[in-house]
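*Asks:* Just need the structure, nothing else, for what follows:
(2 chains)
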Amino acid sequence: MLTKRIIACLDVNAGRVVKGVQFVDLVDAGDPAELAARHAASGADEIVLLDITATHEGRGTLLETVQRTARRLFVPFTVGGGIRTADDAAAVFDAGADKVSINSAALARPELIGEIGSKFGAQAVIVAIDVRRGASGDPIRNAEVYVAGGRKPTGRRAVEWAREAEERGAGEILLTSMDADGTRAGFDCKLTAAVSDAVQIPVIASGGAGNARHFTQVFREGKADAALAASIFHFGIHDVRALKEELLRDGIPVRLPC
Amino acid sequence: MIAVVDYKAGNLTSVMKAVRTAGADLGVEPVLTDDPAVVLLSGKIILPGVGHFAATQFLEKHGLKAAIREKIAAGVPFLGICVGLQWLFAGSTEAPECAGLCALPELCDRFAPGRKVPHVGWNSLSLRPGSRLFAGIPDGSFVYFTHSYRAPLTNATVAVTEYGEPFSAAVECGNIMGVQFHPEKSAETGLRLLRNFLELPPC
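*Replies:* Below is the predicted model:
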């Protein structure tokens, strides 16, 4: 049976893993290569490394960090941040990534999705969407996409952009609720379900993970195919294996033993 | 020498790294090549691949298909990964104009509608006995998949996976082997499988 994936995310700033609350107030959480290896050993199904300030500061992805992190990983490894062209993506793949996550650059120039996909396969392209619920009207239907690490509103609706990303050849959607991010109060299941229902490709839910119950909820009510978390793993609040054991008891199919 | 055939279909960094790691103490040094002459000198062949079946046309155009066919006939162990497994068959409805190797007569086809495609993530293997590739790997082990087309069940199927329907997660017929999943991304299970392949006696 296809299992639900638990993805450990490393938000990287200047070569170090950091964690913020609602995209600000960064706290140091350690070395990316070391943390990635530790998460994989404790049962993470995938590792995502996001260079969170790359777009903002206008510099390229930290290839050296990617290389060092990939060296010890034998689970899928995604890298995002500052990838603006198919050449940028190629450099990240050469450094050892299996997939790239693109966000601001895909919104600025949606053709980028197809350009990377046609060269490296759709499975290698994740479109990351950072979303805030709509302030007026239906909060899900009007949920708005933000770019540049959550700094800039785009005026685009989340569900529509997810659908366009799929049409343009994205292999997966990484959906982050900015309202929930860093709160540890649970994923935005309604938002996740709306996006998951709108597309045929897998949806990774992100933002708000605090305990095992939140994961169960986002897999059931949120119809997520995978769920991503950062801080709850880094600070050892919850190791991945213990989380998976709880999920299995809840009847969620997960990769265990791992 | 182990030839990892590069037919310009996606990135092979992960495959090379996994083969090196799996064979570290065997003195294995995989060679990434698109040269039929190198393939003809190899003692084992790995054909990775992600993406579209049409990419396999490169093999025919550049003389790699003939070289691989010759080596397989001579008994050299061959491992196809993902599209590399599908290429062992007659072809795929993904690119009807491209012929596969035809080592297995069936056709690959898209997953039936009704679930999300591509099939992405960790799924379990139901193993059939007698496989050399899966020696020491427990039944029910999880491996990482990412694909939209799948090979049907055949007499050569040695591992079955379910995604709405059962399909061939692995085939093995003498020295011809293929896996639909990505051993290079399947943690310890994948490294063990690569190790099993590397330990097969060369021809």
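*Asks:* For A:Trp161, see how far away the closest residue in space to A:Glu111 that isn't next to it in sequence is.
*Replies:* Leaving aside its chain neighbours, A:Glu111 sits nearest to A:Arg168 (7.5 Å; criterion: CB to CB, 6 or more residues apart in numbering or on different chains). Quick note: C-beta positions are derived from backbone N, CA and C, even for glycine. A:Arg168 sits 10 Å away from A:Trp161 when distances are taken as CB to CB, to the nearest Å.
*Asks:* Which of these two has more residues huddled nearby?
*Replies:* Ranked by neighbour count (other CB atoms under 10 Å in any protein chain shown), A:Arg168 and A:Trp161 place A:Trp161 first, with 22 against 18.
*Asks:* Quick one: residues contacting that one.
*Replies:* Contact partners of A:Trp161, counting by CB atoms under 8 Å, 6 or more residues apart in numbering or on different chains, are A:107, A:129, A:145.
*Asks:* and of these, the nearest to B:Ser92?
*Replies:* A:Ile129 (31.6 Å; CB to CB).
*Asks:* so who does the closest one touch?
*Replies:* Counted by CB under 8 Å, 6+ apart, A:Ile129 has contacts A:103, A:145, A:158, A:161-162, A:165, A:173-176, A:195.
*Asks:* Also B:Pro166?
*Replies:* Contacts of B:Pro166 (CB under 8 Å, 6+ apart): B:153, B:160.
*Asks:* Distance of the residue of the stretch 151-258 of chain A found nearest chain B relative to B:Tyr149?
*Replies:* Residue nearest to chain B within the stretch 151-258 of chain A (CB to the nearest CB): A:Arg255, separated by 4.3 Å. Distance, A:Arg255 to B:Tyr149, by CB to CB: 23 Å.
*Asks:* cool, and A:Ala124?
*Replies:* A:Ala124 is 16 Å from B:Tyr149, by CB to CB.
*Asks:* for B:Leu85, same thing?
*Replies:* In terms of CB to CB, B:Leu85 sits 10 Å off from B:Tyr149.
*Asks:* quick one: which of the two has more around it?
*Replies:* Legend: neighbour count by other CB under 10 Å for B:Leu85 and B:Tyr149, higher for B:Leu85 (27 against 23).
*Asks:* and that one, what element?
*Replies:* helix B:83-86 (DSSP states H and E).
*Asks:* Put the alpha carbons of that helix into PDB.
*Replies:* Presented in PDB, the C-alpha positions along helix B:83-86 are these (Å, rounded to 0.1, in the frame of the first residue of the first chain):
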ATOM      1  CA  VAL B  83      12.200   3.800 -17.400                       C
ATOM      2  CA  GLY B  84      15.100   1.300 -17.700                       C
ATOM      3  CA  LEU B  85      12.800  -1.500 -16.500                       C
ATOM      4  CA  GLN B  86      10.000  -0.400 -18.900                       C
END
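*Asks:* Averaged pLDDT, it. What do you get?
*Replies:* Mean per-residue pLDDT for helix B:83-86: 96.
*Asks:* cool, and stretch A:240-256?
*Replies:* In the prediction, stretch A:240-256 has an average pLDDT of 96.
*Asks:* export that stretch as CSV, just CAs?
*Replies:* Provided in CSV are the C-alpha atoms of stretch A:240-256 (Å, rounded to 0.1, in the frame of the first residue of the first chain):
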residue,chain,number,x,y,z
VAL,A,240,10.1,10.7,13.1
ARG,A,241,9.9,7.1,14.1
ALA,A,242,7.9,7.8,17.2
LEU,A,243,5.6,9.9,15.1
LYS,A,244,5.1,7.1,12.6
GLU,A,245,4.3,4.6,15.3
GLU,A,246,1.6,6.9,16.6
LEU,A,247,0.2,7.3,13.0
LEU,A,248,0.2,3.6,12.4
ARG,A,249,-1.9,3.1,15.6
ASP,A,250,-4.3,5.7,14.2
GLY,A,251,-4.6,3.6,11.0
ILE,A,252,-2.5,5.9,8.8
PRO,A,253,-0.3,3.8,6.4
VAL,A,254,3.3,4.8,6.9
ARG,A,255,6.7,3.3,6.1
LEU,A,256,7.5,1.3,9.2
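*Asks:* hang on, A:Val79 is in a strand, isn't it?
*Replies:* Yes - per DSSP: H, G, I helix; E, B strand; the rest coil, A:Val79 lies within a strand segment.
*Asks:* residue furthest from the geometric center of chain B?
*Replies:* B:Gly114 (26.4 Å; CA atoms, centre = their mean).
*Asks:* ok so, going back, neighbouring contacts of the helix holding B:Leu85?
*Replies:* B:9, B:46-53, B:55-56, B:80, B:92, B:100, B:108, B:149, B:151, B:168, B:170-171, B:178-180.
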